[in-house]
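**Student:** Here is my input, please return the structure:
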Amino acid sequence: MPTPDTTTTRQLIDPLNAYPRPPFPRQEQQLPGGDEFLDPKPDHGEESYIGAGRLAGLATIITGADSGIGKAVAIAYAREGADVLIAYLEEGEDARGTVELIEAEGRRALAVPGDLQDEAHCRRVIEQARDEFGRIDILINNAAFQERREQIEEISTDEWEKTLRTNLTATFWLCRDAVASMEPGASIINVSSIQATQPSSSLLAYSATKGALVTFSKSLSAMLAPRGIRVNVVAPGPVWTPLVAATTDPEKLSEFGAGVPLGRPAQPAELAGAFVFLASPAASFITGATIPVTGGEFFA
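**Tutor:** Purely as a prediction, here's the structure:
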């Protein structure tokens, strides 16, 4: 029997024990929250993600990329060779950290602060990406807002509309303005959630937007297919992010993710591979699809 070439052998990742499992220390944050306050510290792939040039030279926009899933995707994309514009609300220090990680890979990075509830700001995000990169190859709509409310009477009209404008309407604006700068082979990836099909009663507004994003993406994929632009969805389950920590009761947060089959929440870095795949040539015949990254919860 031939001797294995250990220089090319990769270590298998045990999904049960690769990262900390609940219970977690009791903790709380205020919106918008920050990675530095999370215990355990989230993994965005700073040390763990290894690129392979699968997105070399592609111009990318990622919203909500100062922390959480967006930050992990930005790191992965840079290591795969992409230039990245990160759009974020106001967390300047976190955004600068993401920019530094992108630039450390020798890629161009641009950070654009502002509120995606503003249609004019969404247009500026697209314009700045086009001006900096010359085109747009990938658009990832990841930014989101949520608040937990136990009764419908507790949800104000302003909160309802803020959730819809941030999670759904901004996605429409960004997609509408981006496609003019996209060529055949370009890709749009929208971020839904397990909440789209297994909604929590306390996340009425949020889950409504995440369900709508799946339908929006399916329809848009058919609309843009003749132009060679693919549209897909990543649907995370529980992920260890500041948004979750800032909107979850500390006692419930300590057990966050324990109920999924793999027994823990995902780390942001564990979502990055799905985004890389959907934007890469390996997924050239995939459009209108939803990729669940849920730790074993069924997206149905």
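**Student:** For Gly97, see how far away Val244 is.
**Tutor:** Taking CB to CB, to the nearest Å as the measure, Val244 falls 19 Å from Gly97. All C-beta spots, glycine's among them, are computed from the backbone N, C-alpha and C.
**Student:** now do Gln117
**Tutor:** 24 Å.
**Student:** likewise Arg176?
**Tutor:** 31 Å.
**Student:** Those two: who's more crowded?
**Tutor:** The residue with more neighbours, out of Arg176 and Gly97, is Gly97; 18 against 14, by other CB atoms under 10 Å.
**Student:** Just the CA trace of the host helix or strand of the more buried one, in PDB.
**Tutor:** Per DSSP states H and E, Gly97 falls inside helix 92-103. C-alpha atoms of helix 92-103 as PDB (Å, rounded to 0.1, in the frame of the first residue of the first chain):
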ATOM      1  CA  GLY A  92     -16.100  52.600  12.200                       C
ATOM      2  CA  GLU A  93     -13.500  50.800  14.300                       C
ATOM      3  CA  ASP A  94     -14.900  47.400  13.400                       C
ATOM      4  CA  ALA A  95     -15.000  48.500   9.700                       C
ATOM      5  CA  ARG A  96     -11.400  49.600   9.800                       C
ATOM      6  CA  GLY A  97     -10.500  46.200  11.200                       C
ATOM      7  CA  THR A  98     -12.200  44.500   8.300                       C
ATOM      8  CA  VAL A  99     -10.500  46.800   5.800                       C
ATOM      9  CA  GLU A 100      -7.100  46.000   7.200                       C
ATOM     10  CA  LEU A 101      -7.700  42.300   6.900                       C
ATOM     11  CA  ILE A 102      -8.700  42.700   3.200                       C
ATOM     12  CA  GLU A 103      -5.700  44.900   2.400                       C
END
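**Student:** residues of it that come out buried?
**Tutor:** Using 16 or more other CB atoms under 10 Å as the test for burial, helix 92-103 gives 94-95, 97-99, 101-102.
**Student:** in its sheet, what does the next helix or strand after it sit against?
**Tutor:** Sequence-wise, the next helix or strand downstream of helix 92-103 (DSSP H and E) is strand 109-113. Paired neighbours of strand 109-113 in the sheet (DSSP bridges): strand 83-88 (parallel).
**Student:** what inclination does the strand it pairs with have with respect to helix 92-103?
**Tutor:** 170 degrees (axes from the mean of the first three to the mean of the last three CA atoms, to 10 degrees).
**Student:** For the lowest-mean-pLDDT helix or strand in the chain, which outside residues touch it?
**Tutor:** When each helix and strand of the chain is scored by mean pLDDT, DSSP states H and E, helix 242-246 comes last, with a mean of 90. Contact with helix 242-246 is made by 27-35, 37-38, 67-68, 144, 146, 238, 253, 256, 265, as judged by CB atoms under 8 Å, 6 or more residues apart in numbering.
**Student:** do stretch 113-133 as well
**Tutor:** Counting by CB under 8 Å, 6+ apart, residues outside stretch 113-133 touching it are 59, 61, 63, 83, 85, 87-90, 92, 95, 108, 110, 112, 136, 143, 162, 165-166, 169-170, 173-174, 177-178, 181.
**Student:** Stretch 88-96 too?
**Tutor:** 32, 34-35, 63-67, 71, 86, 111-116, 143.
**Student:** Can you flag the buried ones in the residues you listed?
**Tutor:** 32, 34-35, 63-67, 71, 86, 111-112, 116, 143.
**Student:** Mind listing the strands the helix or strand harbouring Thr60 pairs with, and their directions?
**Tutor:** Assigned by DSSP H and E, Thr60 falls within strand 59-63. Applying DSSP bridges to the sheet, strand 59-63 is found paired with strand 83-88 (parallel), strand 138-141 (parallel).
**Student:** Before I go, just wanted to say thanks for your time.
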